[in-house]
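Asks: structure for this input, please:
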Amino acid sequence: MYPHLRGRIVENHYGKISLGTPNLDSNLDLPIIGSLVCCESSALDQSATELANALVVLSSTAEDGKTEVRISKTLQKMTDTVRVRISQGELQGKKVSSKAGGEFYSFLGIPYAKPPVGPLRFKSPEPPEPWAGVRDASKEGAISPQIHMILRNYSGDEDCLFLNVHTPQWPVSRLKPVMVWIHGGGFEMGSGDSSLYGPDYFLAQDVVFVSINYRL
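Replies: This next block holds a predicted model:
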C-alpha cells in the first residue's frame, strides 16, 4: 500500500536486510500504537501471554527423561498440525516452511476479544468467549472493514479482533523475545496479514512474532 515501505517489507519477508536498517520515514505506526494501547491492549495482552506461556511449557518426554519433539514426516513442505491449550480452549496451528528452507510454527486467527458487533460496536473490547473442541488456527481472521486504496473495492468484517503468533521452535525450552507488529494505515486501511508482513526474518533471529488486526 505504501511504495516506500513495500520494498523494505518484501526484503524483511525474505530475510535480506539487517537489524541495523535505519528507521523508515513517514512512519504511520506511532499514533496507532498509542491509540491501540489505550483501547484494546489489555485483552490482546491476555491472549498473547497465555499462548506464549503455553508454548513454553508444552513438550513430550521420552522414557529416559530427555525432552524430545516428535514430528510427523508425512507432510514434508507445508504443514504438520500442532496443538496448544489456552484459557479459552484448544488451538490447532501448523508447521510452515520458511523462505530460507527452515521451519516455524504458526497459530493464526486467534480471537483476543469478543466480536465488536451489535451493542459492542463502539465499546471497549471484552475478553473473548471460550470455545468447545479444537479451534482451527491455520487461517488468519478477517481484517477490519476497509476500501482498498487502489482497487476501491470493499473487504473485511466487523468481527476482526484476531492475532497471529509465529514461533521458531515447538515446543520451546525457554522464554524467547517477542515482537508485536502493529500495522500502519492511518486508521483507514491495513491488516496484520502474514503474507505481507512475513515473520521469516524475525524467526531466523529466534524471535516470536505476533501480528494483529484492530478496528479502523
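Asks: OK, contacts around R83?
Replies: 90-93, 134 (C-beta atoms under 8 Å, 6 or more residues apart in numbering). C-beta: built from backbone N, CA, C; applies to glycine.
Asks: one more time with 6 Å
Replies: With contact set as C-beta atoms under 6 Å, 6 or more residues apart in numbering, R83 has these partners: 90, 92.
Asks: sticking with it, tell me its helix or strand.
Replies: According to DSSP states H and E, R83 maps onto strand 81-86.
Asks: buried set for that strand?
Replies: 82, 84, 86 (16 or more other C-beta atoms under 10 Å).
Asks: same deal with stretch 154-164?
Replies: Buried, per 16+ other C-beta under 10 Å, within stretch 154-164: 156, 160-164.
Asks: who touches that stretch?
Replies: 108-113, 115, 117, 140-147, 194, 210-213.
Asks: change it to 7 Å
Replies: 44, 47-48, 106, 108-113, 115-117, 125, 140-148, 192, 194, 210-215 (C-beta atoms under 7 Å, 6 or more residues apart in numbering).
Asks: shaky segments in the protein?
Replies: 1-79 (pLDDT under 70).
Asks: quick revisit: the strand holding R83: what's the following helix or strand?
Replies: In N-to-C order, the element after strand 81-86 by DSSP H and E is strand 89-97.
Asks: just the CA atoms of the following helix or strand past that following strand, as PDB, please.
Replies: Downstream of strand 89-97, the first helix or strand assigned by DSSP H and E is strand 103-111. Extracted C-alpha coordinates of strand 103-111, given in PDB (Å, rounded to 0.1, in the frame of the first residue of the first chain):
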ATOM      1  CA  GLU A 103      10.600 -24.400   9.700                       C
ATOM      2  CA  PHE A 104       8.400 -22.500  12.100                       C
ATOM      3  CA  TYR A 105       5.100 -22.900  13.800                       C
ATOM      4  CA  SER A 106       2.000 -20.600  13.300                       C
ATOM      5  CA  PHE A 107      -1.200 -20.100  15.300                       C
ATOM      6  CA  LEU A 108      -3.400 -17.800  13.200                       C
ATOM      7  CA  GLY A 109      -6.800 -16.100  13.700                       C
ATOM      8  CA  ILE A 110      -6.800 -16.200  17.500                       C
ATOM      9  CA  PRO A 111      -9.600 -14.000  18.900                       C
END
